[in-house]
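Visitor: sequence and predicted model, in that order:
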Amino acid sequence: MDQSVAIQETLAEGEYCPQAVQGVLCEGDSRQSRLLGLVRYCLEHGGQEHALFLYTHRRMAITGDDVSLDQIVPVSRDFTLEEVSPDGELYILGSDVTVQLDTAELSLVFQLPFGSQTRMFLHEVARACPGFDSATRDPEFLWLSRYRCAKPELELPTPRGCNSVPGTWPGYATIGGGRYPSRKERWLLEEIRPQGAGSVLFWGGAMEKTGFRLMERLEEADREMSAAAGSRERDSAGGSNFDGLRPNGKGLPVDQSSRGQDKPESLQPRQNKSKSEITGMVRSSTITVSDKAHILSMQKFGLRDTIVKSHLVQKEEDYTYIQNFRFFVGTYNVNGQSPKERLQPWLSDGVQAPDVYCVGFQELDLSKEAFFFHDTPKEEEWFKAVSEGLHPDAKYAKVKLIRLVGIMLLLYVKQEHAAYVSEVEAETVGTGIMGRMGNKGGVAIRFQFHNTSICVVNSHLAAHIEEYERRNQDYKDICSRMQFCQLKFLLNPVTFVLCPHSVILWLGDLNYRIEELDVEKVKKLIEEKDFQTLYAYDQVQMATLWTLYFSEKCRAPAWCDRILWKGKNITQLSYQSHMALKTSDHKPVSSVFDIGVRVVNDELYRKTLEEIVRSLDKMENANIPSVSLSKREFCFQNVKYMQLKVESFTIHNGQVPCHFEFINKPDEESYCKQWLNANPSRGFLLPDSDIEIELELFVNKTTATKLNSGEDKIEDILVLHLDRGKDYFLSVSGNYLPSCFGSPIHTLCYMREPILDLPLETISELTLMPIRTGDDCSQLESPMEIPKELWMMVDYLYRNAVQQEDLFQQPGLRSEFEHVRDCLDTGMIDNLSASNHSVAEALLLFLESLPEPVICYSAYHNCLECSGNYTASKQVISTLPTFYKNVFHYLMAFLQELLKNSAKNHLDENILASIFGSLLLRNPAGHQKLDMTEKKKAQEFIHQFLCNPL
């Protein structure tokens, strides 16, 4: 997921975050999650400066409210970022990448996830470094002054390489525990800081101080790759051999003298343990390196190499053969328990050691902390239990671990196979309330094994037998939103979704049931192995897409834990539940497969490659690429809030292979407006080939307000650029139907008629009206005390849902949300008919979409200061504009009514304070977001009003 969007919401005007990556800050034995964002600032004289913004967060960063600025590191001349491999560290394919960030004043170590997101981030950081040209002016970073919150005390710098307590770096002003240097202090430090620092290493490669630049290295590697094509070892996608360019075996050429050898002991990564500890955690005692995987660190290939790759894909059957590998696939809903017994009866049941392990868990942690936040100690507990339970007759390397709240997926391969695994990507999709809560959803790992693409999905879908449609929606959301970004210029580049993979393994607690049959009948059919009859009563109804098997749980009839697969050359060898394990009310399920994988015949590969290269030599390099577009004008009619609209067109290529890409227009930071997206936005076309491009239009809380007010319109021009060719211009137009979602509270109070019945001029005038103007009733028509749309939703919930279990915690249906939105915008309250969960989610989305929160930004800091003092807190609320104060009291009264029914709806003050705290009380726009202390204060502020008389 692209978390740079969340960072962008925290930035001031003129600041832009092109790339972000989630990592772990390593300080001694401490491990703290951090979101790293590269922020670019465009100077008035035309130059650019960059800084690395470090954020704390406790859940997946979806909006700016989910992150809190912790530290800023300017990308100055002494800034370096290098991959470190401390002595004794176990390196295995797919493991996290350890990088060290150094300036003259600080040294930080991070572990970043293996994959393209990290590659793109490191590539952008390398490009952002100012270089060492003395003629270039030094960055001044004056734009960072807005983040200063304390006058620094000058002192000598901490010795290089030592991690001090956050907030103690010399010459810096603190920023929530981090610092940045003022110009005066930077001058002082220049006199005493060590000189000559500046090499940037990543993925084993280096950007040297002088001489080479990264792109020069890549171009040189590209040329040598073509020259050595006849004798190279191939990568798993038909790629190139870089052995001659990779002395360290891990990526780009590296000057061994530049690698950090004497790192402080406090900076050693977590894996730097004793050999026995390492063997206990991962059953591999030697270093496993995959040149094939690390070649993907190279951001850009030449046109010639791209064509070679494309032709190799087309001729794959000419140089590959099918070889069977044994896969173990297991799923276990552990019901929030810690491991209490050894897992060998589940994981090591077979005589033959599997080649690949795919192990999934659900409900890893059921605590409220895990539900609302991201961290849980049980991840480490179950990871260790699985690692110790793998088959004793083989050594395994952990390829990847991915977790979303309680849904976790682990992938292991035999040590000898690790060199043939590449293109490892992991992604998560939360389908919980507002698409944010990860209590339901899916996680996935995709990878290339030899020459076969494989995707493994672990999901936990909506529970209860009556939530069949919700489960279907969860499944569709996972399929559509689970996207893996690879910088791999093939016929369909950039984005991989589930379907194109050769093999898909889907496991988890799917919660689909057997309907309309009593328990005894179901058991009898199972005993008779009459599965076809059971299929007719099975809620999954995906038999045409999947081969399906299922297991029995203790309570009946609930066949929830399932393993599904799709693809060719797959043979199931065993399927069973493991009744001996008693940790959970679910039983672990396993299935063993023989999966036919395409393996490369090196001799045939060499011959095929030579044929392709010879044919390319005959091509005329001077040809100019040209394409034709099936459509250039796109009109999106009647666009609605949070309703996806898609228009597509086809690019047909002529006789010259070409790269295409949508490019930014002058003085713009993106190739399109925020509500628009092109998929794919770039790619490669072979001669006389076609590709379909989808233009996706989606209005959310970020863009709705300006469309309501008329400050923005559904109008844009896209520029489609051909490498070595011309540009094509695409026109986008349409109309947006104004909505109460994204409209200010005071605006809605003056709309006595439904918003869609009002003239656009009136809507624009009311939307742009200042907040305090709303208190002056003499200027406008007599307003309502609260927005009628808010009353409609709360009244519906009060009449129908005060005893509803899991209210505000279980998501509704998207189709029902659209129905609720239309009823609110048209005023047809009598037609409102939706599930309680759908209306509850609509209420949360409504509050989230408010451009000014219920507790106005101006009162934010006062609320935090008086948190814990109810009298002072009530005084702050009394200062709010009239309409906002009315809405706050109205919502608190409703929530108190819900708490009166807590015995049935299972809500409590802490849950409601956590949900509504971040919606009603938001950090002022343009400022850094809350850290965990501020979030807890915000929740405590709301908690007071839930527990005391209003």
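Guide: Yep, that arrived. Numbers count the residues shown, from 1 in each chain.

Visitor: for stretch 741-760, buried residues please.
Guide: Residues of stretch 741-760 classed as buried under the neighbour-count rule (16 or more other CB atoms under 10 Å) are 741-751, 754-755, 758. Every C-beta, even on glycine, is put in place using the N, C-alpha and C of the backbone.

Visitor: let me fix that, I meant to ask about stretch 655-663.
Guide: Those would be 656, 657, 658, 659, 660, 661, 662, for stretch 655-663 by 16+ other CB under 10 Å.

Visitor: residue 480 versus residue 817, what's the distance?
Guide: Using CB to CB, to the nearest Å, residue 817 is found at 16 Å from residue 480.

Visitor: between these two, who's got more neighbours?
Guide: Taking other CB atoms under 10 Å, residue 817 and residue 480 do not tie; residue 817 has more neighbours (20 against 12).

Visitor: surely that one is in a helix?
Guide: Yes. Looking at residue 817 with DSSP: H, G, I helix; E, B strand; the rest coil, it is inside a helix.

Visitor: span of stretch 893-908 from start to end?
Guide: The first and last residues of stretch 893-908 sit 14 Å apart, counting by CA to CA, to the nearest Å.

Visitor: do stretch 50-65 as well
Guide: 23 Å.

Visitor: where's the closest residue to residue 590 other than its chain neighbours, which helix or strand?
Guide: Distances taken as CB to CB, 6 or more residues apart in numbering place residue 330 nearest to residue 590, at 4.4 Å, with adjacent residues excluded. Using DSSP states H and E, residue 330 sits in strand 320-333.

Visitor: helix or strand next in line after that strand, which one?
Guide: Once strand 320-333 ends, the next helix or strand along the chain (criterion: DSSP H and E) is helix 344-347.

Visitor: what packs against that next one?
Guide: Counting contacts by 3 or more CB pairs under 8 Å, 6 or more residues apart in numbering; DSSP states H and E, helix 344-347 packs against strand 320-333, helix 378-389.

Visitor: just checking, which of the buried residues of stretch 741-760 belong to helices?
Guide: Residues from the buried residues of stretch 741-760 lying in helices, with DSSP state H as the criterion: 745, 746, 747, 748, 749.

Visitor: so for the third one, what's the pLDDT?
Guide: In this prediction, residue 747 carries a pLDDT score of 95.

Visitor: does it touch residue 766 like I think?
Guide: Yes. Judged on CB atoms under 8 Å, residue 747 makes contact with residue 766 at a distance of 4.5 Å.

Visitor: what's the distance between the residue lying closest to residue 732 once chain neighbours are set aside and residue 641?
Guide: Excluding its sequence neighbours, the residue lying closest to residue 732 (CB to CB, 6+ apart) is residue 716, at 4.4 Å. Taking CB to CB as the measure, residue 716 falls 18 Å from residue 641.

Visitor: more neighbours: which of these two?
Guide: residue 641 (27 against 20).

Visitor: what's the burial count for the residue nearest to residue 26 when sequence neighbours are not counted?
Guide: Closest residue in space to residue 26, ignoring its immediate chain neighbours: residue 109 at 4.5 Å, by CB to CB, 6+ apart. Burial of residue 109 is recorded as 24 neighbouring residues (other CB under 10 Å).

Visitor: can you list the strands that the helix or strand in which residue 109 is found pairs with?
Guide: In this structure, residue 109 is located in strand 107-112 according to DSSP H and E. Strand 107-112 has its sheet partners listed here by DSSP bridges as strand 15-27 (antiparallel), strand 97-102 (antiparallel).

Visitor: ok, which of those comes nearest residue 56?
Guide: Closest approach to residue 56 among the strands paired with strand 107-112 is made by strand 15-27 (9.2 Å; CB to CB).

Visitor: pull out the buried residues from the closest one.
Guide: 15, 16, 17, 18, 19, 20, 21, 22, 23, 24, 25, 26.

Visitor: and what of stretch 399-418?
Guide: In stretch 399-418, counting by 16+ other CB under 10 Å, buried: 399-415, 417-418.

Visitor: roughly how far is that stretch from the heart of the chain?
Guide: Here stretch 399-418 is found 17 Å from its chain centre; the criterion is CA atoms, centre = their mean, to the nearest Å.

Visitor: is residue 452 bridged to anything, and to what?
Guide: Going by DSSP bridges, residue 452 forms beta bridges with residue 449.

Visitor: which SSE is immediately downstream of the helix or strand where residue 39 lies?
Guide: If you go by DSSP H and E, residue 39 is part of strand 30-42. As assigned by DSSP H and E, the chain's next helix or strand after strand 30-42 is strand 48-57.

Visitor: adjacent strands (with direction) for that next one?
Guide: As assigned by DSSP bridges, strand 48-57 forms pairs with strand 30-42 (antiparallel), strand 67-74 (antiparallel).

Visitor: how does the chain divide into domains?
Guide: The chain breaks down by the TED database into domains covering 3-130, 323-512+560-600, 627-736, 852-949.

Visitor: now the strands: where do they sit in the stretch 501-650 of the chain?
Guide: If DSSP state E, counting those that start in this stretch is used as the criterion, the strands of the stretch 501-650 of the chain fall at 503-509, 547-550, 561-567, 570-577, 589-600, 627-629, 633-639, 645-653.

Visitor: worst mean pLDDT among those?
Guide: It's strand 547-550: among these, that one has the lowest mean pLDDT, namely a mean of 42.

Visitor: list the buried ones in stretch 721-739?
Guide: By neighbour count on 16+ other CB under 10 Å, the buried set for stretch 721-739 is 721, 722, 725, 728, 730, 732, 734, 736, 737, 738, 739.

Visitor: so where's the stretch 1-150 of the chain uncertain?
Guide: Where the stretch 1-150 of the chain drops to pLDDT under 70, the residues are 1-2, 58-62, 85-95, 114-116, 131-136, 148-150.

Visitor: again, 50 this time
Guide: Along the stretch 1-150 of the chain, the model assigns pLDDT under 50 to residues 87-94, 150.

Visitor: list the helices and strands the lengthiest helix in the chain packs on?
Guide: In the chain, taking DSSP H as the definition, the longest helix is helix 882-900. Under the contact definition 3+ CB pairs under 8 Å, 6+ apart, helix 882-900 sits against helix 745-749, helix 788-800, helix 870-878, helix 909-920, helix 932-947.

Visitor: relative to residue 120, which of those helices is closest?
Guide: Of all the helices and strands packed on helix 882-900, helix 932-947 sits nearest to residue 120, with 28.3 Å by CB to CB.
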